[in-house]
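K.L.:
take a look and give me a structure for this.
(chains A and B)
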Amino acid sequence: MSEISTREPLIKGNKSLTNITDDVFNPIVARPNKLWFFGLTIAGTAALIGLIAIVLTVWKGIGLWNVNKTIGWGWSITNFVWWVGIGHAGTFISAILLLFRQHWRTSVNRSAEAMTIFAVICAGLFPLIHMGRFLLAFFIFPYPNTRGVWVNFNSPLLWDVFAITTYFLVSLIFWYVGLIPDLGTVRDRMKTKFKKVIYRFLSFGWTGSAKHWQRFEIVSFTLAGLAAPLVLSVHTIVSFDFATSVIPGWHTTIFPPYFVSGAIFSGFAMVLTLLIVARKTMNLQDYITLNHIELMNKIIILTGSIVGVAYLTELFMAWYSSNEYELFTFINRATGPYWWAYWIMMTCNVVSPQLFWFKKLRRSIGFTFFMSILINVGMWFERFVIIVTSLHRDFLPSSWEMYKPSIIEVLIFVGTLGIFFSLFLLFVRFFPVIAMSEVKTTIKNK
Amino acid sequence: MEISGYYDREANLLDAVKKLRENNISIKDVFSPYPVHGLDLAMGLKRSWLPKAAFVGGAIGAISGFGLQAWVFTRAYPINIGGKPFLSVPSFIPVTFECAILFAALSIVLAYLFKSNLGAGADNKIYDERATDDHFVVVLDASNFVHNDAEKIKMKLEETGALDIKYHN
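P.N.:
Alright, predicted model coming up:
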C-alpha cells in the first residue's frame, strides 16, 4: 500500500466521478475551436488530393508510378508496412498492457485504439492500389468462383490478407466494446434531442447493469488475450512477406521480432505525436500527464533498443555468414547510392531514442514531441531501406536499377496522412476520447 | 412495481447489497458507472460462460480455416508450387491461426451482445441517467410486496445510506 501511495497519481486534479464525465463530455458538445477546423481543413484537403491521385492510378494504371521491374514494391509497400506498424501501438496498449494490469493505460487506450484502426485503414489501401486492378481486389479472398481457381495458401502475401483483415476486425470490435459504456454516458448526458437519438443508437442500449459489467470485464479480458498474440502475429506475417523470399537482406530469421518491436516503437511514437497535441488542445493535461508520457518514452527506449540490436545483428550476420551477396547488400545499404536513407534510419532509430535515458528529456514535452516525429521518419526510412536497397541491386547486375517515386506516389502517401488525421480529428470531436468508465475505476476518492 | 435506491459511493453500495441480501430481499439489478469490484460476489452472480463461446468459436475457426486450405490444396485445386507438398501443414498455420482468433473474437462479442440484449437500436430501460455518470442504483422488484413490506424495504434502503429512493411502475 505504501508503495502505491508514494507513486504519482494516474490522473491529476483530485477529480470526482462526475468531473471525469464533464471533462470527457464537454468537448463533444462544445463548439470545436479554430485549431480543430484548421486541422480538419488541412487534413481533409490532403485526403482529397490523395483520393484524386488514387483515382488517377486506378483510371490510368500503375504506369503513373515509377516502380519498375527491379523495384516493384517502391513507396506503396513502404507506406503499407509503415502504417501497419503504426497500427500496432493501440492494440499493444489495450491488450498487452491490460493483461499486465498497467492501469496507466486507461487514459490513453481509447485514442490509441482509434489510431490503430485508422492506421490499418490507411495501410490496407496500399496493397489494394498496388495490385493495379483495384476493382478486382476481392480476388484475394478465397471464395468459390466461376473462374474455378483458388488462392495460393502457400503465399505470405495471402497470409497478410488474413492477418490484416483479422487485425482490423478484432481491433474494431475491441475498440467498440470498450466504447459502448462511454457512449451510454454521453447519451444520458446529451440534451439535444437529435444527438441523443444518435448516441442512443450508438450506445447499443447500455444501462450499466451489474450483469452487463461482469460480462463486459470478462469479454475485455478474453479479447485482450486473443488480441495479444494477434498483435505479435500481424507484423510477424508482414515480415514473412520479406523473410520467406530469397532476396539478400530479406531472407533472415530475425525479421519477425525485429519487425514487431519496430512496429510498437513507431506506434508509440505516433500515439505520442497525437496525444501531445490532443492533451494541449482539448485540456486533457490532468488525464494524460507527464507520467504517462514518461512511461511511453520508456517503452520507446525498450523497443528502440531492440530495433538497434536487430540492425547490428543483421550487419554481424552479413559478415559472419560469409555469404557474399548478403555482405554486399549491407555494404551497399550503408555506402551505396541510398546511403543517406540508411544513415537517416540509423540516426533516427538507433541513436536518438537512447537520449531518453535522461530523465529530464523523457519528461520534456517539447523534446518528446520532436522525437516522436523523428522516430516515425526513421521508421519510414527503415522500410524504404529494406525494400528499395535490397531490390535495386540483387543477384544480377544486369537488372540493377534506381528508383525514385513519381509525384502520384508521393501524393497518395500524403493522402493517407490526410485520411488518418481527418479520421482522428473527427474521432476526438464526436467520441469520448478518454475511456471514462475505466478511468473511474482507477481513482481513489470514489 | 419497482423500488430503486441511489448511492454515491462504491463502499455504501457494496454494503447495501450485502445487507439487503442478508435480509432476504432479492435484488433485481444494480447499475453503476463503472465495473465495481466484488459486486458480482456480493450479488451472488454466477460466473459467465462467455469465454466458452470464444473457445468454441476459436475451435470452429481453426478447424474450418485449416480444413478449407487442406481441401483446396488437395481436392479442389491442387497446384504444384515449386514442388512443395500439396498438404504443406506449416504454411497453413498462419491462416489457421488468424481464423481461430477472428472466429473466437466474433463469437464472444456476439454472444455478449446477444445475451445482454445490447445492439444497435436496443432500448433497455434506463432507471436513472445518473447511473452512467456518478451514481450507483439498486433496483428491487416490489411487485409481490404488500404495502407494509414496501415501507420496510424503504427503511432498509435508508439504513444503508441511500441518498434517494424512487418508485417505478
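K.L.:
so A:Gly205 is in contact with B:Gly119, correct?
P.N.:
Yes: if you go by Cβ atoms under 8 Å, A:Gly205 and B:Gly119 touch, sitting 7.0 Å apart. For every residue, glycine as well, the C-beta is placed using N, CA and C.
K.L.:
what is the neighbour count of the closest residue to chain A within chain B?
P.N.:
Residue of chain B nearest chain A, by Cβ to the nearest Cβ: B:Ala122 (3.0 Å). For B:Ala122, the count of nearby residues is 16 (other Cβ atoms under 10 Å in any protein chain shown).
K.L.:
next, the residue lying closest to it once chain neighbours are set aside: secondary structure please.
P.N.:
Excluding its sequence neighbours, the residue lying closest to B:Ala122 (Cβ to Cβ, 6 or more residues apart in numbering or on different chains) is A:Gly205, at 3.0 Å. Using DSSP: H, G, I helix; E, B strand; the rest coil, the secondary structure recorded for A:Gly205 is coil.
K.L.:
in contact with A:Gly205, which residues?
P.N.:
By Cβ atoms under 8 Å, 6 or more residues apart in numbering or on different chains, the contact list for A:Gly205 reads B:117-119, B:121-124.
K.L.:
distance of the nearest residue to A:Ile237 once chain neighbours are set aside from B:Cys99?
P.N.:
Leaving aside its chain neighbours, A:Ile237 sits nearest to A:Ala163 (4.2 Å; criterion: Cβ to Cβ, 6+ apart). Using Cβ to Cβ, to the nearest Å, one gets 11 Å for the distance from A:Ala163 to B:Cys99.
K.L.:
which other residues reach the helix or strand of chain B with the lowest mean pLDDT?
P.N.:
Least confident helix or strand, chain B: helix B:147-159 with a mean of 75, by mean pLDDT, DSSP states H and E. For helix B:147-159, the external contacting residues (Cβ under 8 Å, 6+ apart) are B:1, B:3, B:5, B:16, B:19-20, B:23, B:25, B:138, B:140, B:142, B:145, B:165.
K.L.:
one more pass at 7 Å, please.
P.N.:
With contacts defined as Cβ atoms under 7 Å, 6 or more residues apart in numbering or on different chains, helix B:147-159 is touched by B:3, B:5, B:19-20, B:23, B:25, B:140, B:142, B:165.
K.L.:
and it, what's buried?
P.N.:
B:153-154, B:156-157 (16 or more other Cβ atoms under 10 Å in any protein chain shown).
K.L.:
now stretch A:361-376
P.N.:
A:362, A:364, A:367-369, A:371-372, A:374-376.
K.L.:
check the residue nearest to B:Ala122 and give its pLDDT.
P.N.:
The confidence metric pLDDT takes the value 91 at A:Gly205.
K.L.:
what distance do you get for A:Asn66 to A:Ser406?
P.N.:
Separation of A:Asn66 from A:Ser406 (Cβ to Cβ) stands at 4 Å.
K.L.:
that older thread, what's the helix or strand for the residue of chain B closest to chain A?
P.N.:
If you go by DSSP states H and E, B:Ala122 is not part of any helix or strand.
K.L.:
excluding covalently adjacent residues, which one is nearest to A:Arg279?
P.N.:
A:Ile288 (4.3 Å).
K.L.:
so who does the one you found touch?
P.N.:
A:107-108, A:275, A:279.
K.L.:
care to break chain B down by domain?
P.N.:
B:2-46+B:126-168, B:50-115 (automatic domain parsing).
K.L.:
these into a markdown table, with extra columns for distance to A:Ile254?
P.N.:
As requested, those are arranged in a markdown table below (distance: least, Cβ to Cβ, whole Å):
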| stretch | distance to A:Ile254 |
| --- | --- |
| domain B:2-46+B:126-168 | 41 |
| domain B:50-115 | 18 |
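K.L.:
of those domains, which shows the lowest average pLDDT?
P.N.:
Among the domains of chain B, domain B:2-46+B:126-168 scores lowest, at a mean of 83.
K.L.:
identify the residues contacting B:Phe103.
P.N.:
B:Phe103 neighbours (Cβ under 7 Å, 6+ apart): B:57-58, B:60-61.
K.L.:
which residues of chain A score low on pLDDT?
P.N.:
Counting by pLDDT under 70, chain A shows low-confidence ranges at A:1-8, A:444-446.
K.L.:
give me the residue from it nearest chain B.
P.N.:
Counting by Cβ to the nearest Cβ, chain A gets nearest chain B through A:Gly205, at 3.0 Å.
K.L.:
that older thread, Produce a PyMOL select command limited to the buried residues of the contacts of A:Ile288.
P.N.:
In PyMOL, this line selects whichever of the contacts of A:Ile288 come out buried by 16+ other Cβ under 10 Å:
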select buried, chain A and resi 107+108+275+279
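K.L.:
would JSON lines of the contacts of A:Ile288 with secondary structure and distance to B:Met43 be doable?
P.N.:
Listed next are the contacts of A:Ile288 as JSON lines, based on DSSP: H, G, I helix; E, B strand; the rest coil; distance: Cβ to Cβ, whole Å:
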{"residue": "A:Ser107", "secondary structure": "helix", "distance to B:Met43": "29"}
{"residue": "A:Val108", "secondary structure": "helix", "distance to B:Met43": "32"}
{"residue": "A:Leu275", "secondary structure": "helix", "distance to B:Met43": "37"}
{"residue": "A:Arg279", "secondary structure": "helix", "distance to B:Met43": "38"}
